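Peer 1: Coordinates for the following, if possible.
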Amino acid sequence: MVVRIPNWLGDAIMATPVYFNLCNLENVYLLGLPQVVELFKGFKNTEVLHLNKKNVKQTIELLRPLKAHTGLLLPNSFSSAWLFFKARLKERWGYAKDLRSCLLTKSVKPPKEKLHQRDYYLYLLKALGLPHEYKELTLPLTKEMLFKARELLKGLGENFVIIAPGAAYGPAKMWPKEYYRELAKKLADLGLLSLIIGTEKEKPVGDFICSGNDKSINLCGKTDLTTVAGIFSMAKAVISNDSGLMHLAAALKIPQVAIFGSTDPELTKPLNPNAVVFKKELPCSPCFKRTCKYGHYECLKNITPEEVLEQLLGLIF
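Peer 2: As a prediction, this is how the structure comes out:
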């Protein structure tokens with residue numbers, strides 16, 4: 001089976017029960033953006049394929065030898081169905097969304113009830129008569145991922161926590177950088193090192209969080225996701241916004257504090273028994289906006305560094 005995985009990191013990780021159920025049934029090809037799909041090389045009976053969004057013809061040629069296989073579409077987009085159609089995959093299964101049913105050989109009506117994103121993907125498997133019983137987020141790490149992480153962390157010891165201050169969706173999901181800096185300083189007072197993890201885009205925020213604190217290190221933009229996964233597996237805990245890295249921590253069952261702003265934990269909370277979720281209920285929340293239409297961001301500002309630290313320490317000690 002060829003599985004088109006989601007583009008967003010968090011969604012791709014919330015779909016890991018799909019990969020697990022299928023790879024225990026047959027050989028699986030996971031097709032996705034290179035920086036994301038490489039995370040899933042550790043699944044058994046699985047081969048990862050790189051989607052080239054800038055060269056669709058190249059991706060179609062990559063898929064052509066697999067045309068006798070069934071294609072399973074996890075994204076709802078028309079373009080993902082069109083890709084499998086152009087590659088002439090014999091069977092093309094997915095949700096009946098985005099006017100694409102004409103491109104599918106089996107289409108499933110989306111569930112009417114409100115589901116967590118993980119369950120939304122598993123509902124598709126169930127409707128198609130595929131194995132769907134395994135529900136845990138899971139991410140088997142390869143020896144290479146762990147080796148790269150150990151090399152990067154040489155000399156830093158084991159008493160470190162991860163701070164992931166970014167959120168690609170927008171500022172309405174981002175706890176104030178001033179709060180993260182205060183939290184990092186409080187952790188330093190307790191002898192804990194803070195590693196700031198994110199993309200190159202978050203580097204200025206990471207620099208701000210580390211300012212005036214010699215027990216924090218900014219690694220934003222200096223790692224790929226496979227190395228980050230290895231680093232996460234060695235951390236005492238992870239503090240993050242509602243983001244892809246939040247779900248990465250959840251899949252690895254790392255103790256974590258997850259901070260929600262404009263979004264709804266019922267739909268995307270970390271599925272991790274070691275997670276604490278912060279969400280302040282306001283009349284305007286959840287609004288699902290990228291920016292606060294009132295400009296106050298109180299859903300985030302009302303969550304204090306002190307209460308985050310208290311919960312974090314309860315997880316670590």
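
Peer 1: tell me the contacts of Tyr180?
Peer 2: By CB atoms under 8 Å, 6 or more residues apart in numbering, Tyr180 lies in contact with 163, 165, 205, 209, 239. C-beta: built from backbone N, CA, C; applies to glycine.

Peer 1: So the second one versus Pro176, what's the distance?
Peer 2: Applying CB to CB, to the nearest Å, one obtains 9 Å for the distance of Pro165 from Pro176.

Peer 1: of the two, who's got more company?
Peer 2: Per other CB atoms under 10 Å, whichever of Pro165 and Pro176 has more neighbours is Pro165, with 27 against 15.

Peer 1: surely Leu156 meets Lys215?
Peer 2: No: using CB atoms under 8 Å, Leu156 is not in contact with Lys215, being 10.5 Å away.

Peer 1: the more surrounded of these two?
Peer 2: The neighbour count for Leu156 versus Lys215, taken as other CB under 10 Å, is higher for Lys215 (17 against 13).

Peer 1: Now that one: phi and psi?
Peer 2: phi -110, psi 30 (degrees, to the nearest 10).

Peer 1: Which residue is the nearest non-sequential neighbour of it?
Peer 2: Excluding the flanking residues, the one nearest Lys215 by CB to CB, 6 or more residues apart in numbering is Ala188, at 3.8 Å.

Peer 1: Same check on Leu104?
Peer 2: In space, Leu104 is closest to Arg92, 5.0 Å off (CB to CB, 6+ apart).

Peer 1: Pull up the gap between Phe288 and Thr263, please.
Peer 2: Using CB to CB, Phe288 is found at 6 Å from Thr263.

Peer 1: What of Leu115?
Peer 2: 15 Å.

Peer 1: hmm, back to that, now intersect the contacts of Tyr180 with the helices, please.
Peer 2: Among these, the members falling in helices are 205, 209 (criterion: DSSP state H).

Peer 1: quick one: which of the contacts of Tyr180 has the most company?
Peer 2: Neighbour counts for the contacts of Tyr180 peak at Ile239, which has 29 neighbours (criterion: other CB under 10 Å).

Peer 1: can I assume that one is in contact with Leu315?
Peer 2: No: using CB under 8 Å, Ile239 is not in contact with Leu315, being 10.0 Å away.

Peer 1: between the two, what contacts are shared?
Peer 2: By CB under 8 Å, 6+ apart, the residues touching both Ile239 and Leu315 are 256-257.

Peer 1: how about the helices in the stretch 201-317 of the chain?
Peer 2: Listed in chain order, the helices of the stretch 201-317 of the chain (DSSP state H, counting those that start in this stretch) span 203-210, 225-234, 244-251, 265-268, 298-301, 305-316.

Peer 1: Would you tell me which one of the ones you listed is buried the most?
Peer 2: Ranked by average neighbour count under the criterion mean count of other CB atoms under 10 Å, the helices of the stretch 201-317 of the chain are headed by helix 244-251 at a mean of 27.

Peer 1: Give me the contacts around that helix.
Peer 2: 8-10, 12-14, 16, 137-139, 162, 164, 166, 168, 197-198, 225, 228-229, 232, 238, 240, 256, 258, 268, 270-272, 275.
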